[in-house]
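A.B. asks: pasting the sequence and the predicted coordinates here, then a few questions.
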Amino acid sequence: NAGVTQTPKFRVLKTGQSMTLLCAQDMNHEYMYWYRQDPGMGLRLIHYSVGEGTTAKGEVPDGYNVSRLKKQNFLLGLESAAPSQTSVYFCASSTRDRGTDTQYFGPGTRLTVL
Amino acid sequence: DQQVKQNSPSLSVQEGRISILNCDYTNSMFDYFLWYKKYPAEGPTFLISISSIKDKNEDGRFTVFLNKSAKHLSLHIVPSQPGDSAVYFCAQETSGSRLTFGEGTQLTVNP
């Protein structure tokens, strides 16, 4: 099992460019999440999904869109990147079972917006 | 406002001694808490959890204590090892299996 994988690992964008971050999991998990980590702020939830075809806003959704067309994939899109979106992005997945729904994280994508 | 707060950005301890990492929360509606460990250039990994029906949970060298009246939890690592050097995040599970994380504490264990 590869667990949770993220593509790409690093990316540099110019302001206004767009990109898509891909997250894939092979654990058959129902739930998937996108977080961003910034210094001194922990991990903040951007969007999440409780099943294929569903998405919901998290704590900091502005400037991002997501899609969950397949159960194993969760895509995070930036339509017009801004320097404030410079961050490390983590994807996670979990089962729906209460008490065992530990979230498993990918290795992260470091994004720099110039 | 930060619902889960880790007031110490960093902690340094000697190998073999106890490490105590602290976390405070404001919302007592949600009763499941987790600790994650994160090494540089890697994603966070689950370490230990506790439900409010308990006030202590132990797993090897790691013990989490929950004080519901004080809305406080702590992670004890005994004995601390250099390989424990990492950033530790506490998290509270909220609705829809969402996690709210604290800011993290950088633990350094010196040989």
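C.D. replies: Received it, and whenever you're ready, just let me know what you need.
A.B. asks: so what's A:Gln25 up against?
C.D. replies: A:Gly3, A:Val4, A:Thr5, A:Met32, A:Gln72, A:Phe74, A:Cys91, A:Ser93, A:Tyr104 (C-beta atoms under 8 Å, 6 or more residues apart in numbering or on different chains). No exception for glycine: its C-beta is placed from N, CA and C like everyone else's.
A.B. asks: repeat the analysis, applying 7 Å as the threshold.
C.D. replies: Neighbour list for A:Gln25: A:Gly3, A:Val4, A:Met32, A:Gln72, A:Ser93 [criterion: C-beta atoms under 7 Å, 6 or more residues apart in numbering or on different chains].
A.B. asks: could you find the closest non-adjacent residue to the first one?
C.D. replies: Right, the one you point to is A:Gly3. A:Tyr104 (6.0 Å; C-beta to C-beta, 6 or more residues apart in numbering or on different chains).
A.B. asks: how about the second one?
C.D. replies: Across the structure, with C-beta to C-beta, 6+ apart as the measure, the residue nearest A:Val4 apart from its sequence neighbours is A:Gly106 (3.9 Å).
A.B. asks: again with the third one
C.D. replies: Nearest residue to A:Met32, sequence neighbours excluded (C-beta to C-beta, 6+ apart): A:Phe74, at 4.0 Å.
A.B. asks: correct me, but that neighbour touches A:Ser49?
C.D. replies: Yes: A:Phe74 lies in contact with A:Ser49 (C-beta atoms under 7 Å); the separation is 5.9 Å.
A.B. asks: show me which of those two is the more surrounded one.
C.D. replies: A:Phe74 (29 against 20; other C-beta atoms under 10 Å in any protein chain shown).
A.B. asks: distance of that one from A:Phe10?
C.D. replies: 19 Å (C-beta to C-beta, to the nearest Å).
A.B. asks: name the residues that touch stretch B:72-86?
C.D. replies: B:13, B:15-24, B:33, B:35, B:37-39, B:50, B:61-66, B:88, B:90, B:107-109, B:111.
A.B. asks: now with 8 Å, please.
C.D. replies: Residues contacting stretch B:72-86 (C-beta under 8 Å, 6+ apart): B:13-25, B:33, B:35, B:37-39, B:47-48, B:50, B:61-67, B:88, B:90, B:106-111.
A.B. asks: buried residues of it, list them for me.
C.D. replies: B:Leu73, B:Ser74, B:Leu75, B:His76, B:Ile77, B:Ser80, B:Asp84, B:Ser85, B:Ala86 (16 or more other C-beta atoms under 10 Å in any protein chain shown).
A.B. asks: got a list of what the closest residue to the third one other than its chain neighbours touches?
C.D. replies: Meaning B:Leu75. Computed as C-beta to C-beta, 6+ apart, the closest residue to B:Leu75 that is not its neighbour in sequence is B:Leu21, at 4.5 Å. B:Leu21 makes contact with B:Gln6, B:Ser8, B:Leu11, B:Trp35, B:Ser74, B:Leu75, B:Ile77, B:Tyr88, B:Cys90, B:Thr105, B:Leu107, according to C-beta under 8 Å, 6+ apart.
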